[in-house]
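> Got a sequence here, can you model it:
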Amino acid sequence: MAKLITENAELLIYLDGKLHITILGGIKLTGLDRMKVTLKLTSTVHKQNAFRHNLDLYNSIQTEQLIDKSAEALDISTAEISTAINQLTTALENYRSERLEAMKPKQVEKRQLTEQER
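Modelled structure (predicted):
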């Protein structure tokens, strides 16, 4: 089961089967048309192997390059990495949406006076 750990906004961690993905520096909450990240991918089997890449997850060419190069470096199938990256992107979109919602100013509820108070 894939899981996004968001305890530190500047160091997000995504765990998915054979992959441990660290999002270094977190993600920007502005600019919803892009999702630029710096990723560190590590195999849970061969922990000494790590692959680092800076990209925009919304750029298909950059994402394809990440999948191909990291699959080769980590000895994990491109299908597994592709699935993990797609799920990571969705998890980051949800995380960003939640953070933006939490930052919205809360409307103060107007208290209604009872008949006695009037």
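
> Can you tell me the element residue 93 falls in?
helix 78-103 (DSSP states H and E).

> Show me which residues of that helix are buried.
Neighbour counts over helix 78-103 (16 or more other CB atoms under 10 Å) mark 80, 81, 82, 83, 84, 85, 88, 91, 92, 95, 96 as buried. The way it works is simple: take the backbone N, C-alpha and C, and place the C-beta from them, glycine included.

> same for it, what does it pack against?
Helices and strands touching helix 78-103, by 3 or more CB pairs under 8 Å, 6 or more residues apart in numbering; DSSP states H and E, are strand 3-5, strand 11-16, strand 19-24, helix 60-74.

> nearest to residue 9, of the buried residues of helix 78-103?
Minimum separation from residue 9 among the buried residues of helix 78-103 (CB to CB) is found for residue 95, which lies at 9.3 Å.

> where's that closest one relative to residue 50, distance?
Taking CB to CB, to the nearest Å as the measure, residue 95 falls 23 Å from residue 50.

> ok, now residue 3?
Applying CB to CB to residue 3 and residue 50 gives a distance of 19 Å.

> between these two, who's got more neighbours?
Each of residue 3 and residue 50 has its neighbours counted (other CB atoms under 10 Å); residue 50 has more, 15 against 10.
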